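J.: Take a look and give me a structure for this.
(one chain, ligands or ions: 2)
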Amino acid sequence: MKFFMEPELHLLPKDLSIYEHQVAGHGYSQRCEQNPVKTKPQLLHSHDERCIYKPVQGAPKGDREIQFYREVFNEKVATCRDPDLAELRCLLPTFRGVHIDAATGRRYLRLDDLLADFVQPSVMDLKMGAQSYEPDASERKRSVELAKYEHRARVGFLVTGLRAWRQERQSYEQLGSGTGPR
Ligand SMILES: Nc1ncnc2c1ncn2[C@@H]1O[C@H](COP(=O)(O)OP(=O)(O)OP(=O)(O)O)[C@@H](O)[C@H]1O
Ligand SMILES: O=P(O)(O)O[C@@H]1[C@H](O)[C@H](O)[C@@H](OP(=O)(O)O)[C@H](OP(=O)(O)O)[C@H]1O
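T.: Ligands and ions are numbered 1, 2, ... in the order given. Just a heads-up that it's a prediction; the model follows:
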């Protein structure tokens, strides 16, 4: 019940749908698998609010992400630990608080849907940098990340997912992690 004591927590609205334009990230691979049992929480969408609800990840990543958005979108920029963070606002979806699903206790970040104005949007998800694990990552995490794209150290980024609308075929083309320059 700890979460209900947080001052800036709101209830998750009803009538949310699974976000159809997610191309990578947590929960995505499971969504693509044929297994009907989905244990990972999914990115949710409110068409009317033009927002997405992104599941807060486990510790420590989830709370770090909340802290990051709270600092960037803090109205009192002068009280930010790093006022330069406010310059990131124009590059990020607007953060509109943390919501909780009362039934499960799971928390969600409410963010503007960057694709709300687009019809048949094409989306590419990238991870910047030559490495995507922390210095103290487990051997397992290292090998999972290294196996995703063998040219990453040289190319300097990884394409984690790409979904492009093909007008001539009137359908989406989907490419997964590991796509990229060779
Ligand atoms: N505000 C948004 N508007 C539209 N689509 C979004 C938004 N946020 C996320 N997405 C979609 O969800 C995907 C995953 O988002 P994101 O990379 O933030 O998730 P993540 O689980 O933190 O991923 P990772 O841990 O791999 O960085 C994006 O590639 C995009 O398809
Ligand atoms: O799509 P899935 O199957 O949920 O897979 C997750 C996805 O690849 C995330 O990008 C990754 O987090 P990071 O980008 O933070 O490494 C996470 O690693 P994790 O399990 O170590 O959190 C994976 O489990």
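J.: Quick one: check the lowest-mean-pLDDT helix or strand in the chain for contact with ligand 2.
T.: In the chain, no helix or strand scores lower on mean pLDDT, DSSP states H and E than helix 28-32, which sits at a mean of 82. Yes: using C-beta under 6 Å from any ligand atom, helix 28-32 reaches ligand 2 at 28-30. Bear in mind the C-beta positions are built from the backbone N, C-alpha and C, glycine included.
J.: Neighbour count added to those residues, as TSV?
T.: Shown next, in TSV, are those (neighbours: other C-beta atoms under 10 Å):
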residue	neighbour count
Tyr28	19
Ser29	14
Gln30	14
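J.: Can you tell me which of these lies closest to Glu8?
T.: Tyr28 (27.5 Å; C-beta to C-beta).
J.: Give me the number of neighbouring residues for the residue lying closest to that closest one once chain neighbours are set aside.
T.: Closest residue to Tyr28 apart from its sequence neighbours, by C-beta to C-beta, 6 or more residues apart in numbering: Gln22 at 5.5 Å. For Gln22, the neighbour count with other C-beta atoms under 10 Å is 21.
J.: and the nearest residue to His21 once chain neighbours are set aside, what pLDDT?
T.: Leaving out its chain neighbours, the residue that sits closest to His21 by C-beta to C-beta, 6+ apart is Leu115, at 5.3 Å. Looking at Leu115, its pLDDT stands at 98.
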